[in-house]
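>>> Below are the sequence and a predicted model for it; my questions follow.
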Amino acid sequence: MKNFKEFNNPNIEYVFTDIDDTLTEHGRLPSNAYNSLWLLHDLGVKVIPITGRPAGWCEMIARMWPVSGVVGENGAFYFCYKNKKMIRKFIYDDEVIKQNRQKLNLIQKEVLATVNGCALASDQFCRLFDLAIDFCEDVPALPKSAIDQIVSIFKKHGAVAKVSSIHVNGWFGDYNKLSMCKTFLNDEFSLSLEQAQDNTIFVGDSPNDEPMFGFFDQSFAVSNIKEFINELKQKPKYVSRSSGGTGFTEIINHTFNL
């Protein structure tokens, strides 16, 4: 990975960014990172958070943050607030969502009964598509062996499982953050991922960002990526000096000469 200061492209129009531990620090959104979002908005740059966070959170983010849309639950949907209308694009219809939830409920019971110390993520109540198991957000941090055990239970049931900086997220279906980014760009801006490649950066911090790191030539990570770097097959091209929201601010300030 290269130092973020080696990056030079004055033509960036789109910023895709993870939220937890990319924009946030210790579970809070610091003022410098949020201010960076507003600076980008005022420059006319289109900011799209790409997160594992739930539909309930994404409704608020799309409506109240200075963003052009938000991809949530690791690619299950995007929300976009335009002209006082909320646009919602879901990967599945209500019947498939219901069927998948029944299967996820079985996984939830097994994980909670098997893996000591984990818990259901506190935001699970406002999720539509996935199951989020907390391994360090509101519980004492679990060892890697416990995280691996959670992942293995999801996979045993045929679910996809991805590790973020705080949760193991599991779902049924062949989608991820990148696939819904493709849908979002096509639907809202009539662009393909390939067309947007040269004018886009992505900023992330953990293994569930790997599809984005792998596709975008101009991909960044904040410095806390180093906790996961040995697990990544597809690594970011650039890394910040600092972690979390401060690292995001460093990347944005350098990229846009702020």
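Yes, it's here. Numbering: from 1, shown residues only.
>>> drop to CA atoms for contacts and neighbour counts, all remaining ones
OK.
>>> got a list of what Lys46 touches?
Glu13, Tyr14, Val15, Leu40, Val67, Ser68 (Cα atoms under 8 Å, 6 or more residues apart in numbering).
>>> which among these gets closest to Ser243?
Val15 (17.9 Å; Cα to Cα).
>>> ok, back up a step: let's have the contacts of Lys46 in CSV, adding neighbour count.
Shown next, in CSV, are the contacts of Lys46 (neighbours: other Cα atoms under 10 Å):
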residue, neighbour count
Glu13, 16
Tyr14, 20
Val15, 21
Leu40, 21
Val67, 21
Ser68, 21
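>>> Show me what stretch 140-158 is in contact with.
107, 110-111, 115-118, 135-136, 160-163, 168, 170, 172.
>>> same thing but 10 Å
With Cα atoms under 10 Å, 6 or more residues apart in numbering as the test, stretch 140-158 has contacts from 103-104, 106-108, 110-112, 114-118, 131, 133-136, 159-163, 166-173.
>>> Can I take it that Arg53 is in a helix?
No: using DSSP: H, G, I helix; E, B strand; the rest coil, the assignment for Arg53 is coil, not a helix.
>>> hang on, it packs against Val71?
Yes: Arg53 is within contact range of Val71, at 9.0 Å (criterion: Cα atoms under 10 Å).
>>> now the helices: where do they sit in the stretch 101-250 of the chain?
Secondary structure of the stretch 101-250 of the chain (DSSP state H, counting those that start in this stretch): helices at 144-156, 177-189, 193-196, 210-215, 244-255.
>>> Compute the number of surrounding residues for Ile252.
21 (other Cα atoms under 10 Å).
>>> try the one 5 residues further on
With neighbours defined by other Cα under 10 Å, the count for Asn257 comes to 8.
>>> so which strand or helix has it?
Counting by DSSP states H and E, Asn257 is held by no secondary-structure element, helix or strand.
>>> how about it, what does it touch?
With Cα under 10 Å, 6+ apart, Asn257 has these contacts: Pro10, Ile251.
>>> Got the phi and psi for it?
Main-chain torsions, Asn257, degrees, to the nearest 10: phi 50, psi 50.
>>> Kindly confirm my reading that Lys89 is in a strand.
Yes: remark: Lys89 belongs to a strand, assigned using three-state DSSP.
>>> so what's Gly75 up against?
Counting by Cα under 10 Å, 6+ apart, the residues that Gly75 touches are 50-52, 90-91, 129, 174-183.
>>> Quick check on the contacts of stretch 140-158: which are buried?
For those, a burial check counting by 16 or more other Cα atoms under 10 Å picks out 104, 107-108, 111, 115, 117-118, 131, 133-136, 159-163, 166-172.
>>> what's next to stretch 191-198, contact-wise?
Under Cα under 10 Å, 6+ apart, the answer for stretch 191-198 is 9, 11-14, 178-179, 181-186, 189, 200, 215-218.
>>> Output stretch 242-249 as CSV - backbone C-alpha positions only.
Extracted in CSV, the C-alpha atoms of stretch 242-249 (Å, rounded to 0.1, in the frame of the first residue of the first chain):
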residue,chain,number,x,y,z
SER,A,242,-4.2,8.3,11.0
SER,A,243,-7.1,6.0,11.9
GLY,A,244,-10.9,6.5,11.7
GLY,A,245,-12.5,9.8,10.9
THR,A,246,-9.2,11.7,11.3
GLY,A,247,-7.6,9.4,8.6
PHE,A,248,-10.7,10.1,6.4
THR,A,249,-10.2,13.8,6.8
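>>> Retrieve the pLDDT associated with Asp123.
Here the pLDDT value assigned to Asp123 is 97.
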